[in-house]
Structure formats: C-alpha cells, structure tokens
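> Okay, here's the prediction I keep looking at, along with the sequence it came from:
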Amino acid sequence: MKRPVVAVVGATGAAGGTLLRVLHERCFPMADLRLLASERSEGVRVVAGESEHVVHAVSDALLRGIDLAFFAAGSATARKHAPTVARDGGVAVDKSSAYRMDPEVPLVVPEVNAEALHTHRGIVANPNCVAIPLALTLAPLQQAFGLRQVTCATYQAASGAGRDLVAELRQQERDDASDAEPHARVYPHVLHGNVVPGGWRMIGDDTEEEVKVIAETRRVLDAPDLAMSITTVRVPVAVGHSAAVFVELVRDAGGEDAREVLRAAPGILLVDEPAAQRYPTPRAVAGTDAVHVGRIRRDPGRENGIAFFFSGDNLRKGAATNAVQVAELLLSGD
Ligand code: A2P
C-alpha cells in the first residue's frame, strides 16, 4: 500500500474538510481520491488540494477497490460501510465512536500506543476529540511518575458537534450583535454568550461524552483501572477543545519535573509563561497540530498533585491529523 486509492467518507463535513486539508499539507501519497458523503451531497463539488472532486453518495459499490478509507460521517455510516472496506482487503480509519471499544479494533493515538496498530484487522478507530489530547498529555506523566487519579473539566468547541452548530453559533453572534433574539435549533441552548454543561445524550447521570472520554483514555493508556472524574462542557468557541486537568501521581513530581517531562513529549508544545500571559488558548491552537500545554503547577489539594491546562484543535489532532498519522504508519509498515 505505497500509493493507496483513498476514500474520504464525510468529505463535506467539518472533520472531513479538515482531513482533505491535512492530506494535502502532508503530501499524503495517493493513487486516487474518492469523496463520499450522504445522498444530500451527490454531485456537490469540493476542492481537495489542487483539484476539484465531485462528491458521491457513499455505497458499498463505490468503496470497492479502496485501499484506505477515512470515515468522518458518524457511527451509523461507519458501522454500515467500514466492514466492506476491511472485507475487501483495505483499511478503514474511523473517527466515529462505532468501533472504539471493540477489542478487535485498535484505538490509536500514534504518539502513545502506535504498537496497537499491529493487531488491526482492517478497521482502526480514532479516539474522541477530547480523549486524544487528554491521553497525549497524560501518557508522558504516566510513564515518568505513574498515574493514580485524574480529574478533568473540559471547554469544548462547537465544531466538535459538527458544522451545523458552528453555523448556529455564528448566527447567534450576529443576532446578539443586532439585538435580535438568538435561537437554538441544533443545540439545546443558545451557545453564544453561554457555557453549557450538556447537550450530549445522558447515560445515567453522566453525559455520553464523559463516559466515552473516560473509557477511551483508559484504553489508549492501557490503564483500565485508572480512577477518572470528568465534566464535559460546551463553550462558544468555533474550534479548539481545552481542559483543566488535575492529576494525582504515584511518585511526586513537583511542577518543574512535570513541566520538563511534558516539554520533551511528542505532539505537545509547552506554552507556559503565565506571568507573560502565555498559556494555551483555543484561538492560538486552531489550525495547528500540536496540543498546547501550560499552567503546569503543583496541585496542593491532592497528594503528589499536578495541575495543568491544554488546548488542542479538535478537527486536526482531535480528528483529522490523528487519522492521517495512523494512515502514515500503516503505509510505512512500522
Ligand atoms: P452530508 O454533507 O451529505 O450531510 P459534520 O460532522 O460536520 O456534521 O459532517 C458530517 C459528515 O457526514 C458530512 O460529510 C455528511 O454528509 C456525512 N454524513 C452524514 N450522514 C451520512 C450518511 N448517512 N451517509 C454518508 N455520509 C453521511
């Protein structure tokens, strides 16, 4: 699979569009590129790199002969079509939650558990867009000091819920600016000028997002018993998920030791000069691949405690870039 025939399923969506950009930026080798979406997009033209492509409604027939299919079209589409790709000898790299907890399907953040890829049987899952930066920042601390407990509160961008919520947020901004009444159709609350600790399906007392982030982070870190607490929150930001993270380590680190470990870790950019007002923000990280980490300090509220804050582009490292990194590893055979 040196120059694969590639399909992007969900090419008209927020993550799919970013995927096309990342493939082009990284000069991903392709013999051919097929753009697929729902029936609504049949015939739509989309620019990918230097060429324009016509989008087709996804079907098993159009996935025949595909070596590598990126799925960014939700769980139902992945469940329906990813097995076809795998059966025909190709590999499906799926962004949805459909296969993330399937023990037969590796769940991969390349900087953390690339070796899990070796076990794939034609489907590879990408973690959730918060679980990726969370696992990325916890893994070096786990390796250096051991993890005992993690507490986390998230600040998640509208694009995590798809392009429709971004459009709704933009409209609400305009409505508020012109003293019109903003409306919420895509989300249960007006997001502009607001902070919403919900909007996901509930599973008991937890949001589905909270359940997913905990399960997937544990799986990527290979720490099934790691004690984790999380509240997921949607904020009026278009792109860039952030989180405040509090960690109880097995061995004492101190702010300085933790900072040095995170500075040396792959995929992370330290932005940590709070006195100079330099710390991670979603605006600064949007459009880039590294997860920004800062506000690293001792947490006096817990034994061997460390606190930090991260921001990562949820469409890039949280979705597209992670998927393309996985594909690059598949191509290199490492
Ligand atoms: P379409 O544009 O035709 O609706 P986002 O996450 O930004 O909302 O984007 C979702 C992506 O998934 C879009 O490309 C969308 O295509 C695609 N999609 C949604 N439902 C289906 C489906 N049933 N089959 C194929 N693609 C789908």
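All right, it came through fine.

> Now for the residue in the stretch 1-150 of the chain that the ligand sits nearest to, how many residues are close by?
Residue nearest to the ligand within the stretch 1-150 of the chain: residue 13 (2.1 Å; Cβ to the nearest ligand atom). No exception for glycine: its C-beta is placed from N, CA and C like everyone else's. Counted with other Cβ atoms under 10 Å, residues neighbouring residue 13 total 23.

> OK, contacts around it?
Taking Cβ atoms under 8 Å, 6 or more residues apart in numbering as the contact definition, residue 13 lies against 37, 72-73, 162-163.

> now, which of those lie within helices?
residue 163 (DSSP state H).

> Neighbour-wise, which one of the contacts of residue 13 leads?
That'd be residue 72 among the contacts of residue 13, by other Cβ under 10 Å, with 29 neighbours.

> Find the residue closest to it in space, skipping its chain neighbours.
Among residues not flanking residue 72 along the chain, residue 10 sits closest, at 3.7 Å (Cβ to Cβ, 6 or more residues apart in numbering).

> same check, this time on residue 222
Using Cβ to Cβ, 6+ apart, the closest residue to residue 222 is residue 113 (6.9 Å).

> thought that neighbour was touching residue 218?
No: checked against Cβ atoms under 8 Å, the pair residue 113 and residue 218 is beyond contact range at 11.8 Å.

> In a helix, the residue nearest to residue 222, correct?
Yes: looking at residue 113 with DSSP: H, G, I helix; E, B strand; the rest coil, it is inside a helix.

> wait, the residue nearest to residue 72 sits on residue 16?
Yes: counting by Cβ under 8 Å, residue 10 touches residue 16, with 4.0 Å between them.

> Which neighbours do these two have in common?
Common contact partners of residue 10 and residue 16 (Cβ under 8 Å, 6+ apart): 37, 72-73.

> Mind putting those into TSV with pLDDT and distance to residue 46?
Listed next are these as TSV, based on pLDDT from 0 to 100; distance: Cβ to Cβ, whole Å:
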residue	pLDDT	distance to residue 46
37	98	9
72	97	13
73	97	14
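
> which ones among these come in contact with the ligand?
When contact is defined as Cβ under 6 Å from any ligand atom, the shared contacts of residue 10 and residue 16 meet the ligand at 37, 73.

> In strands, which of the shared contacts of residue 10 and residue 16 fall?
Cross-referencing the shared contacts of residue 10 and residue 16 against strands under DSSP state E gives residue 37.

> So which bits of the chain are right by the ligand?
Counting by Cβ under 6 Å from any ligand atom, the chain sits next to the ligand at 10-16, 37-38, 40-41, 58, 73-74, 77, 162-164.

> how does it look with 8 Å?
Applying Cβ under 8 Å from any ligand atom, we find that the chain lies next to the ligand at 9-17, 36-41, 44, 55, 57-58, 72-74, 76-77, 80, 159, 161-164.

> Excluding chain neighbours, what is closest to the residue of the stretch 51-200 of the chain found nearest the ligand?
Residue nearest to the ligand within the stretch 51-200 of the chain: residue 162 (2.9 Å; Cβ to the nearest ligand atom). Using Cβ to Cβ, 6+ apart and skipping the chain neighbours, the partner closest in space to residue 162 is residue 14 (5.7 Å).

> Equivalent analysis for residue 189, please.
Per Cβ to Cβ, 6+ apart, closest to residue 189 is residue 196, 5.0 Å.

> any low-confidence regions in this protein?
Along the chain, the model assigns pLDDT under 70 to residues 334.

> rewinding a little: so who does the residue nearest to residue 162 touch?
Counted by Cβ under 8 Å, 6+ apart, residue 14 has contacts 159, 162-163, 166, 315.

> which ones are touching residue 168?
158, 184-187, 191.

> and those residues as a markdown table, adding secondary structure and neighbour count?
Output for the contacts of residue 168, formatted as a markdown table (DSSP: H, G, I helix; E, B strand; the rest coil; neighbours: other Cβ atoms under 10 Å):
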| residue | secondary structure | neighbour count |
| --- | --- | --- |
| 158 | helix | 27 |
| 184 | coil | 16 |
| 185 | coil | 9 |
| 186 | coil | 18 |
| 187 | coil | 19 |
| 191 | coil | 26 |
